[in-house]
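Participant: got a sequence here, can you build the structure:
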Amino acid sequence: MAPRLTAQSEAARRDAVLQAARWCFLNFGFAKTSLDDIGRRAGISRTLLYRMFKDKEDIFSAVFRHWLMARLPDAQAAAERSGNARERLLDVCRAVAVEPWRDMFGAPMASEFIDACNRIDPEAAAHHRRVATDCVAKVLDDGPAAEVFMLALDGLLADDPQGDVFEDRVLVLASRFAPT
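Facilitator: Model prediction:
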């Protein structure tokens, strides 16, 4: 009988699976990623994957939650702190949009990944959007302006810009909504 893994080892294994799965989903797309692909990339068997997750959708949801939802506390902290509104707004945007985009940029299936997030785990996607919008509203002290800001932020990605270009655009947008 194999020795039992420590909680730390189990967490490290889960993290490796989520990293491998994210890579597969971004490079092959949801439909073409198999559990065997994820297992091979993570260095574990398909059987072990089934012990950790019930199916591919469960893995996808875990990837989304692990990767994007984990950034929300940073966005909330930026929104809550005192100081320059533009800098706080930029920090919120970096947490919820710029850093994730940098992680995805150049992956063949990056845009499909976002669509799949909305389709497979709409509750998590809606929560992510709601928290991001709430953070922007807190910084701007204006809910309707936060909605417009978020729509404009989405529009900045329309042509799949490089990470630096996207961040430069976010700086321009933030300057319009929260001038110094």
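
Participant: C-alpha only now, for contacts and for neighbours.
Facilitator: Fine.

Participant: run the chain-centre distance for stretch 103-116.
Facilitator: 11 Å (Cα atoms, centre = their mean, to the nearest Å).

Participant: please identify the buried residues of it?
Facilitator: Residues 104-105, 107, 109-113, 116 are the ones in stretch 103-116 that count as buried (16 or more other Cα atoms under 10 Å).

Participant: so what touches the lowest-mean-pLDDT helix or strand in the chain?
Facilitator: Lowest on mean pLDDT, DSSP states H and E among the helices and strands of the chain sits helix 110-120, with a mean of 89. With contacts defined as Cα atoms under 8 Å, 6 or more residues apart in numbering, helix 110-120 is touched by 25-27, 29-30, 57, 60-61, 64, 104, 125-126.

Participant: and for stretch 163-180?
Facilitator: Applying Cα under 8 Å, 6+ apart, the external contacts of stretch 163-180 come out as 84-86, 89-90, 93-94, 98, 101-102, 105, 140, 149, 152-153, 156-157.

Participant: which residues touch the spatially most central residue of the chain?
Facilitator: Centroid check for the chain by Cα atoms, centre = their mean gives Leu68 as the closest residue, at 2.6 Å. When contacts are counted by Cα under 8 Å, 6+ apart, Leu68 touches 96, 100, 128.
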